[in-house]
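**Student:** Provided below for reference: sequence and predicted model.
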Amino acid sequence: MRGGFRPSKPVSLIMILVMIGFLVLLYKVNLVVTEMFEGMEGVSASFVGLFQFTLLLIAAFAIALLVYNVINLRRPDGLPVDVFHVQGRREGLGREDRLRELDALHRKGLIDEKEHRTRKQEILREI
């Protein structure tokens, strides 16, 4: 059985706000450091360029996280990401989540109608 991780909608909203703030902070740091090194003697242009390139890489990562959380926030079922594989029954999921996951597997054609019915009855019997 496959395991996964998907942040909740409120967590995605918080992450969006944090990433926007982080990107604004990176921009301001870039402005301050560039201005600071502009008038200094002995500081090579390659050092400033390397610093700006590093900030650009960090910003790209922050933008990727921002996009991931925006997609997760806008999709009705969130954005699933497989993180690990688990053998056996999934203890962490509630009945509704397990039924949704079962329906998704059936819609994707990964399990047939008989398997879907059997597993659904097992889940519903636990109520």
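**Tutor:** Happy to help now that I have it. Quantities reported herein were computed from a predicted structural model and do not represent experimental measurements.
**Student:** strands of the protein, start to end?
**Tutor:** In the chain, no segments count as strands under DSSP state E.
**Student:** so where is it shaky, pLDDT-wise?
**Tutor:** For the chain, applying pLDDT under 70 flags the ranges 1-5, 77-93, 127.
**Student:** could you rerun that using 80?
**Tutor:** Along the chain, segments meeting pLDDT under 80 span 1-8, 38-47, 75-93, 126-127.
**Student:** mind giving me the domain split of it?
**Tutor:** Per automatic domain parsing, the structural domains of the chain span 9-74, 95-125.
**Student:** first to last residue in the shortest one, what's the distance?
**Tutor:** The first residue of domain 95-125 is 10 Å away from its last residue (C-alpha to C-alpha, to the nearest Å).
**Student:** for the longest one, same thing?
**Tutor:** Its start and end residues considered, domain 9-74 measures 9 Å (C-alpha to C-alpha).
**Student:** lovely, talk soon.
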